[in-house]
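1. Attaching a predicted model along with its sequence, questions to come.
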Amino acid sequence: MKNSNDKQLCDIAIGDAVMELFNQDAPVSRTTLLAQLEKMIHAGVTAEEVRIARLALELVTNSSTADKVEQSEENVMSFRAKNASADDSTQH
């Protein structure tokens with residue numbers, strides 16, 4: 001991100017994409033958000049609209065990659081916790 005104004009404009013673009021998904025009664029997920037941002041890139045009328053949509057897409061893509069590592073670790077913890085709570089046997 002070049003500056004805080006770009007960050008604010010990216011946040012607005014992401015919000016617009018999410019609102020469009022809501023308006024379409026579409027599921028909101030990273031996949032659908034990325035697809036909506038792609039549509040915004042192609043529908044951009046001005047070079048600035050396209051630039052901001054691309055920055056927003058990059059931001060979501062990068063955060064998605066970082067979150068996959070966290071999610072993977074959370075799933076392992078969730079699996080372990082689930083198995084521990086499912087074991088009602090008494091150990092002696």
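-> Arrived safely.
2. and Val50, how many neighbours does it have?
-> 15 (other Cβ atoms under 10 Å). In short, each C-beta sits where N, CA and C put it, glycine included.
3. so it, which of the three states?
-> The local conformation at Val50, judged by DSSP: H, G, I helix; E, B strand; the rest coil, is helix.
4. close enough to count as contact, it and Gly44?
-> Yes: using Cβ atoms under 8 Å, Val50 is in contact with Gly44, at 3.7 Å.
5. Could you point out which residue ranges in the chain have low pLDDT?
-> Applying pLDDT under 70 to the chain flags residues 1-2, 64-92.
6. where do the helices sit along it?
-> 4-23, 30-43, 47-86 (DSSP state H).
7. residues in contact with the second one?
-> The contact list for helix 30-43, computed with Cβ atoms under 8 Å, 6 or more residues apart in numbering, reads 13-14, 16-18, 20-21, 26, 49-50, 53-54, 56-57, 60-61, 64.
8. Could you check the angle that helix makes with helix 4-23?
-> 110 degrees (axes from the mean of the first three to the mean of the last three Cα atoms, to 10 degrees).
9. May I have helix 30-43 exported as CSV, CA atoms only?
-> Coordinates of each C-alpha in helix 30-43 appear next as CSV, following Å, rounded to 0.1, in the frame of the first residue of the first chain:
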residue,chain,number,x,y,z
ARG,A,30,-12.8,-15.5,0.3
THR,A,31,-13.5,-17.2,-3.0
THR,A,32,-16.6,-15.2,-3.8
LEU,A,33,-15.0,-12.0,-2.5
LEU,A,34,-12.0,-12.5,-4.8
ALA,A,35,-14.3,-13.2,-7.7
GLN,A,36,-16.3,-10.1,-7.0
LEU,A,37,-13.1,-8.0,-6.9
GLU,A,38,-12.1,-9.5,-10.2
LYS,A,39,-15.5,-8.4,-11.6
MET,A,40,-14.8,-4.9,-10.2
ILE,A,41,-11.5,-4.8,-12.0
HIS,A,42,-13.0,-5.6,-15.3
ALA,A,43,-16.0,-3.3,-14.8
